[in-house]
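**Student:** coords please:
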Amino acid sequence: MTDIAGYQQKSKTLSGFSALSIAGVALTLGLAGCSNSETTDAAANADGAAAEGQSIELLNVSYDVARDFYKDYNPLFVEHYKAENPDSDILIKQSHGGSSKQALSVANGLQADVATMNQGSDIELLEKKGLVESDWESKFPDNAVPFTSTIVFLVRKDNPKNIQDWEDLTQDGIEIVMANPKVTGNGRYAFLGAYGYGLHAFNEDETKAKGYVKDMLKNVKVYENGGRAATTTFVQRGIGDVLVTFENEANLAATDFGAGQVDIVYPKYSIKSESPVAVVKTVTDKKGTTDAAKAYLDYLWSEPAQQLAADLYLRPSVQSVLEKNGDKLPPVETFRPNDAFGTWDEIMSTYFSDGGVFDQLAINAPQ
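**Tutor:** Here you go, the predicted model:
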């Protein structure tokens, strides 16, 4: 089990702002991991040939709870890249925070080489700013989504409140912790998952679905600024009866820093979250890192990377790897938010803009 000090370091947030260390730390090729700070580095040494070869630095700006995946993925990629480019050094820097705030940071000038987010609207924002190519979805397999997740419930050990499905979240006395839908993809997927359940349960009756969501949101005790911050509040601070969060984040808590304290409940019907990736081409063209950035994202579909995703309870997009890990990733009936609610532009405008559906339904809605 991770000790509490290690977890406290791993789960620090900066209230949605990106954090970059001023100095990158070069790690040797044999190093198996990288730092747990907001910005982590993984590097390949060129065995003294750096002056003759190429020195490349990439910044991956990513969402909050992806830090555990990329902490382990970066050394895998460095080893792969070094094998194919023995005369080159490569350094990977990592920045994590709320997905949409991270995207805004890139839009406002943060020099990301790649963006790895947890909802399409965050990449679309960068596309509108001219930072990402308009056909970014076609640059990689599976519409540039290397893995997916879904929304589940993390409850206290032995589930004392007997929470089994979405309808139980409206019970009197239930206290819910979730990420803030105004600023985080985690929170938006939780909200849309609840709304989609309402439509499913009430035969597409919008009025009844809104009534369900309003009753559920009455029970929200805390809206946090990121998915990891919400986990910290629930597990470490002991607030709430249920955390509504991504499957991979719930499993990390249940098997690592919250082991023995929490259980996972799978709803019968939930939302499918997609984690799209893209090269920030205006940055990479300027830096001369476009090929390396594409290689970094291409490798996400490799067998080792897909298995790493499964090991961390992300659902691989490569079907053969997903099927091989069915024991830890049980089948769940899911829906895509775009199929239920329209494009991400429409979703953001209708549900999460100021005065939108979320603000209308939530008591004390966070800003």
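**Student:** for the protein, which spans come out with low pLDDT?
**Tutor:** 1-53, 365, 367 (pLDDT under 70).
**Student:** Tell me how it divides into domains.
**Tutor:** The record's domain parsing of the chain by automatic domain parsing lists 4-146+275-301, 149-273+330-361.
**Student:** In JSON lines: those domains, plus distance to Gln319 and mean neighbour count.
**Tutor:** From N, CA and C alone the C-beta is placed, and that goes for glycine too. Conversion of the domains of the chain to JSON lines gives the following (distance: least, Cβ to Cβ, whole Å; neighbours: other Cβ atoms under 10 Å):
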{"stretch": "domain 4-146+275-301", "distance to Gln319": "10", "mean neighbour count": "19"}
{"stretch": "domain 149-273+330-361", "distance to Gln319": "13", "mean neighbour count": "20"}
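**Student:** What distance do you get for the nearest residue to Asn118 once chain neighbours are set aside to Ser99?
**Tutor:** Sequence neighbours aside, Gly185 is the residue nearest to Asn118 in space, at 3.9 Å (criterion: Cβ to Cβ, 6 or more residues apart in numbering). Relative to Ser99, Gly185 is positioned 4 Å away (Cβ to Cβ, to the nearest Å).
**Student:** go on, Asn108?
**Tutor:** Distance from Asn108 to Ser99, by Cβ to Cβ: 15 Å.
**Student:** just Glu323 next, same as before
**Tutor:** 28 Å.
**Student:** contacting residues around stretch 281-290?
**Tutor:** Residues outside stretch 281-290 that contact it (Cβ atoms under 8 Å, 6 or more residues apart in numbering): 56-58, 111-113, 130-133, 279, 292-293.
**Student:** again, only using 7 Å
**Tutor:** The contact list for stretch 281-290 (Cβ atoms under 7 Å, 6 or more residues apart in numbering) reads Ile56, Leu58, Gln111, Ala112, Asp113, Gly130, Leu131, Val132, Glu133, Val279, Ala293.
**Student:** which among the residues you listed gets closest to Thr245?
**Tutor:** Among the contacts of stretch 281-290, Ala112 lies closest to Thr245 (Cβ to Cβ), at 24.9 Å.
**Student:** which residues does the closest one contact?
**Tutor:** Taking Cβ under 7 Å, 6+ apart, one finds Leu59, Val61, Val106, Val280, Val283 in contact with Ala112.
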